[in-house]
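Novice: Compute the structure for the input listed below.
(2 chains)
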Amino acid sequence: KNQVEQSPQSLIILEGKNCTLQCNYTVSPFSNLRWYKQDTGRGPVSLTIMTFSENTKSNGRYTATLDADTKQSSLHITASQLSDSASYICVVALPRLTFGEGTQLTVNP
Amino acid sequence: EAGVAQSPRYKIIEKRQSVAFWCNPISGHATLYWYQQILGQGPKLLIQFQNNGVVDDSQLPKDRFSAERLKGVDSTLKIQPAKLEDSAVYLCASSLGRGTGEQYFGPGTRLTVT
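Specialist: Residues are numbered from 1 along each chain as shown, chains lettered A, B, ... in the order given. A predicted model of the protein is given here:
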């Protein structure tokens, strides 16, 4: 069983809509929890990094939340754009990074 | 600031052949990582260097994979001999320190073993 599980596996939304991606993890404690965006054919790029004690972190239209009690994190994308089409990966730093399998987001016009 | 550079970007080889990948990290970054990302999965750490020393190679298949970072800057990852299941994207990343700080990823090398 993966230590970091993400849902949904894939998601299709219309441009301008909001969406929320989920991440459940079993590892605890950890140093920090990260969300990465990976465009096709590119390496992952960090969106947010939250320590164990933080419960929210924003980066522009991206807002990550963390609930250490339920061991859940979410990434909320506001007013989606076509360029948001990518894989979004939840990562727990133990310190070794443990990656989820990602949610493939497609934003259609 | 230049990012993490990797080459080649794509490689196709036959099983049992050898292949090598090269990575040049961001200038000044002491820590370098090699990851394997199989299609549809998240990256898996293969090896972590701190300067030219190995910090973590517990998930590196040492019977066929090797890596070096001789001068503490750029690094090479080699597979010899390759198997079909080695088909993946090999990502290199670097960070300033050894801890849990930000990691910066290169574009990756896509390897296809036929």
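
Novice: Next up, the contacts around residue 23.
Specialist: Went with chain A since none was named. Going by Cβ atoms under 8 Å, 6 or more residues apart in numbering or on different chains, residue A:23 touches A:4, A:5, A:6, A:33, A:35, A:72, A:73, A:74, A:75, A:90, A:100. Glycine gets a C-beta too; all of them are placed from N, C-alpha and C.

Novice: That was the other one, I meant chain B.
Specialist: Residue B:23 neighbours (Cβ under 8 Å, 6+ apart): B:4, B:5, B:6, B:32, B:34, B:74, B:75, B:76, B:77, B:92, B:106.

Novice: count of residues packed around the third one?
Specialist: Just to be clear, that refers to residue B:6. 23 (other Cβ atoms under 10 Å in any protein chain shown).

Novice: quick one: it and residue B:94, what's the gap?
Specialist: 11 Å (Cβ to Cβ, to the nearest Å).

Novice: any idea which helix or strand of chain A has the worst average confidence?
Specialist: Lowest on mean pLDDT, DSSP states H and E among the helices and strands of chain A sits strand A:97-99, with a mean of 89.

Novice: helices and strands around that strand, which ones?
Specialist: strand A:86-93 (3 or more Cβ pairs under 8 Å, 6 or more residues apart in numbering or on different chains; DSSP states H and E).

Novice: Contacts for the strand it packs on, please.
Specialist: A:3-4, A:6, A:21, A:23, A:25, A:27, A:30-40, A:44, A:47, A:73, A:75, A:97-105, B:42, B:100.

Novice: near chain B, which residues of chain A?
Specialist: A:4, A:31-32, A:41-46, A:49, A:89, A:91, A:93, A:95-97, A:99-102 (Cβ under 8 Å from any Cβ of the partner chain).

Novice: can you rerun that using 6 Å?
Specialist: Selection of chain A residues close to chain B by Cβ under 6 Å from any Cβ of the partner chain yields A:31-32, A:42-44, A:46, A:89, A:93, A:95-96, A:99-102.
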